[in-house]
Structure formats: structure tokens, C-alpha cells
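>>> Output the structure for:
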Amino acid sequence: MVFMLVDYLQTDCWGKTAPEAAKAVFDVMLERGLSMATAESCTGGNIAHNITLLPGSSDFFLGGVVSYANSVKVNVLGVDAEAIEKYGAVSQPVVEQMAEGVLRLTHADVTVATSGVAGPGGGTPDKPVGTVWMAASNGEKTISHCFHFGTDRVENIEKATSMAFFMIKALVDN
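Numbering: from 1, shown residues only. Below you'll find the model as predicted:
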């Protein structure tokens, strides 16, 4: 699934702005009668913001959790504290648990989660600025991928927002 996801994201998604990507998800959610929710760390609510800019988003968007602090990831989303300790907040196990946690909270059909190092500080040799883990879940399947964007905070948040929409679309399409 990861190889197919990477191909899908690289061919269909790069260069799309967050509003364009939000509109693509908006159309799919309405067409298929699906609901959606978010669990955002590094994007700070930007995914939810871009969806709610579109009139009619209340027909499918249930809400989101901005879990910037690890304590919110653990206490609200149900992320295992040991996973954060072992792998860090910016990791595949944590972001997958975030997506699955917001699914349990909201009972949405599809969820997406982000956790990353937006910058300009906070990077490490293992997780430099621009590293973002994302996951999307529908309860039966959870897909995740690590992206490496640049060093500009605003651009990283925008790119992560766009790619999160396309992860949702990839999950729903496959």
C-alpha cells in the first residue's frame, strides 16, 4: 500500500494548494456520503480551517482535535504515552494512533492526523525541520507516510495540509 500511496501522491497531488486539495476532498465526501474528522499537531487546525472555508462543509465535517501537546495526544486521543516516549511524537506509531483516536472520538467515516516539525527550530538529525508524519484511517484500514518538506514553517504547514487531504482521498479511492 505504501508504494501505491507514494505513486498516487506524487502523480496526482504535488503542487496543489490547500484550498484546491480541500475542494477535492469536499467533493468526494459529499459524493460518497462520508463524514470526516481531524487530529492535528503540526498543522495546528489548518486542515479543519481549509475544509470549513467551503460552504456546505457542515454536511460532512464533524470536527477536529488540535493535539499540539503530547498530553492532549495521550489524554484526549488515547495515544499510548510509551509510544511517544519510545518513538517521539513525530512518528508512524503516534500519528496512526492519533488518526484512530479521533475516529473513536467522533465516529467519523474517515480521519486524518498530522505530527511534524514545522520549524524553523525543533529539528534533529533524525527528524529535521520539514519532517511530517501523516495518517488517514477509516476504521478498517490506516495508511501512513512520512514526508520531508523544506525549512519554511508556513510552507511546511501548507504542504502538510494539502498532502493530508490527498491522503484522505487516497484512502477513500483505494
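
>>> so what's the spatially most central residue of the chain bridging to?
Centroid-nearest residue in the chain, with Cα atoms, centre = their mean: Ala113, separated by 3.3 Å. Note on Ala113: beta-bridge partners Ala39, Ala135, judged by DSSP bridges.

>>> And the helix of greatest length in the chain, what does it pack against?
Across the chain, the longest stretch assigned as helix under DSSP state H is helix 153-173. Where contact means 3 or more Cβ pairs under 8 Å, 6 or more residues apart in numbering; DSSP states H and E, helix 153-173 is packed against helix 2-12, helix 18-32, helix 46-52, strand 110-116, strand 131-137, strand 142-148. All C-beta spots, glycine's among them, are computed from the backbone N, C-alpha and C.

>>> Quick one: closest of the ones you listed to Lys73.
Taking Cβ to Cβ, strand 110-116 is the member of these nearest to Lys73, at 8.0 Å.

>>> Quick check: mean pLDDT of the closest one?
Strand 110-116 comes out with an average pLDDT of 98.

>>> That strand: how far from the chain's middle?
Centroid separation for strand 110-116 versus its chain: 2 Å, with Cα atoms, centre = their mean, to the nearest Å.

>>> Over to stretch 92-104?
10 Å.

>>> Please identify the buried residues of that stretch?
For stretch 92-104, burial by neighbour count (16 or more other Cβ atoms under 10 Å) applies to 92-103.
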